[in-house]
Every structure is written in structure tokens, then in C-alpha cells.
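**Q** Okay, here's the prediction I keep looking at, along with the sequence it came from:
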Amino acid sequence: MMKLAIFDYGAGNIFSLKVALEKQNAQVDVITNFDAANNYSGLILPGVGNFDPAIRSIRDYSSVSFQEYVKDKMPVLGICLGMEMFFEKSEEGKEKGLAAIEGDVILLPNKFKIPHMGWNGLRIKKSNPLLDGIPDNSWVYFVHSYRAKPKNDDVVVADSDYGIDVPAVISKGNLYGTQFHPEKSGKIGSLMIKNFLRECKK
């Protein structure tokens, strides 16, 4: 059985994410630091919480850094806030991000309803293992007030139209990110989780 870790920032309910992974026959541990030896096939940074406390929980309470822990090898899925932390900084906070991907995270324009909450279509820009079998214009579930602004658009695999282009799926090396919540996105989300687990098996 595949073993995955969900990092708990201490911010809220990650139960639905754990259940979604266990439905795909993954063994899931909830971890709160990067101190133990890494014997996991994959890591998930969930989408619950605020930028600064989440970054501090990852950075300040572990004996090794995020980069040392995953070593450019272990697949990492960042969901919503988890994806936003991949970048260098966010307008939601003052702390530095993980800086695994160049770019910032910015507030959605205030002419739109914030937070963006509900179902929206995916516009797939390029093929990616996370999106195998996912049709273009598939609907997924968003709850967010910020959007990624990568320095290099090549990392954007799919976006979504919210009156403004919102990067919806990003990918760089072993890092995968979704601005939406796969665990709340029905069959499409389940397929993405299955695709991520397949990458973890490699």
C-alpha cells in the first residue's frame, strides 16, 4: 500500500482530503513537521489556512527544510494555499514563501466577488500527468481570494476564467499545484488524485 503524508498547519479540517486519498487505497499519515525520516511516496500541502502561519509551521518547527525533505524527487501536491506557498511571496502575508517556483501570489481584483467560491471550468493549456483523462472545460470547485502570478507562464498547465485568467493547475518538476480543491471536485477531482498517486508510485 502506498504511504502519503499530509502536512497539517494546525488550521482546520483536512478530513475530506484524507478520506479522498484513502478511497484510492493510500495509507495516509498527518504530519506537523519534517523531522522524521522521509519514508513517504508523496506529500500533500492542503488548502486550509492562512499564508504566514502555514509557512511558519513548515519552516520553523522542522529540523530540515521543505526542499531538503522532498529533494526534487518526491511528488508534492499543493492544494489552494498549498500551491500558493510554492511561490516566493503572497499578498496575504509578509513571510517569504517556499520559493520553489518563481513568482508571487496576488489578491483577486476587488471588482470581482471575493472569495471566488464555486464551480468553474478548466481550460487545459498543455498535457500533464495530473490531467491525464481530464477533458478540457471540466468543472472543479474553487474557494480562494488570491491567484498565482508566476514569473514564467510555462508552469501554468491549466487556467480558469473568473473575469480574469486564474492559473488553476501548475506544474514544475516534482511539484503539482491546484488552485481548486480536488477533494471537493467530484469525479474529476478523484481522477486527479488518482493521477497524482500514480506519479507517487513511479
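**A** Cool, the structure landed.

**Q** Within the sheet, what are the partner strands of whichever strand or helix holds K149, with directions?
**A** Using DSSP states H and E, K149 sits in strand 146-150. The pairing partners recorded for strand 146-150 under DSSP bridges are strand 103-107 (antiparallel).

**Q** Okay, buried residues for stretch 194-202 please.
**A** 194-197, 199-200 (16 or more other C-beta atoms under 10 Å). From N, CA and C alone the C-beta is placed, and that goes for glycine too.

**Q** residues contacting Y61?
**A** 32-33 (C-beta atoms under 8 Å, 6 or more residues apart in numbering).

**Q** So G177 lies in a strand, does it not?
**A** Yes: the assignment for G177 by DSSP: H, G, I helix; E, B strand; the rest coil puts it in a strand.

**Q** Contact partners for it?
**A** With the criterion set at C-beta under 8 Å, 6+ apart, G177 makes contact with 77-79, 82-83, 86, 148, 169-171.

**Q** rerun that using 6 Å as the cut-off
**A** 78, 83, 86, 170 (C-beta atoms under 6 Å, 6 or more residues apart in numbering).

**Q** Could I get the full set of strands for this protein?
**A** Along the chain, the stretches classed as strands by DSSP state E are 2-7, 26-31, 42-45, 76-79, 89-90, 103-107, 116-121, 123-124, 139-144, 146-150, 156-161, 165-172, 175-178.

**Q** At the geometric centre of the chain, which residue sits there?
**A** For the chain, the residue nearest the mean C-alpha position is G78 (1.8 Å; C-alpha atoms, centre = their mean).

**Q** May I ask which two of the contacts of G177 are separated the most?
**A** G78 and I170 (8.3 Å; C-beta to C-beta).

**Q** How many residues are close by L77?
**A** 28 (other C-beta atoms under 10 Å).

**Q** The one 5 residues further on too?
**A** Residues within reach of G82, counting by other C-beta under 10 Å, total 26.

**Q** Ok, K89 next?
**A** 18.

**Q** Would you check how far apart Y9 and K73 are?
**A** Y9 sits 23 Å away from K73, going by C-beta to C-beta, to the nearest Å.

**Q** residue contacts, the residue nearest to the centre of the chain?
**A** Contacts of G78 (C-beta under 6 Å, 6+ apart): 45, 86, 177.

**Q** Look up the pLDDT of the second one for me, please.
**A** Predicted confidence (pLDDT) at F86: the value is 97.

**Q** One more: the last one?
**A** Looking at G177, its pLDDT is 98.

**Q** how far away is the nearest residue to it once chain neighbours are set aside from A36?
**A** Of all residues not flanking G177 in the chain, M83 sits nearest, at 3.0 Å (C-beta to C-beta, 6 or more residues apart in numbering). Between M83 and A36 the computed distance is 24 Å (C-beta to C-beta).

**Q** Please say which of these two ends up with more neighbours.
**A** M83 (27 against 14).

**Q** quick one: the more buried one from D35, how far?
**A** Distance from M83 to D35, by C-beta to C-beta: 24 Å.
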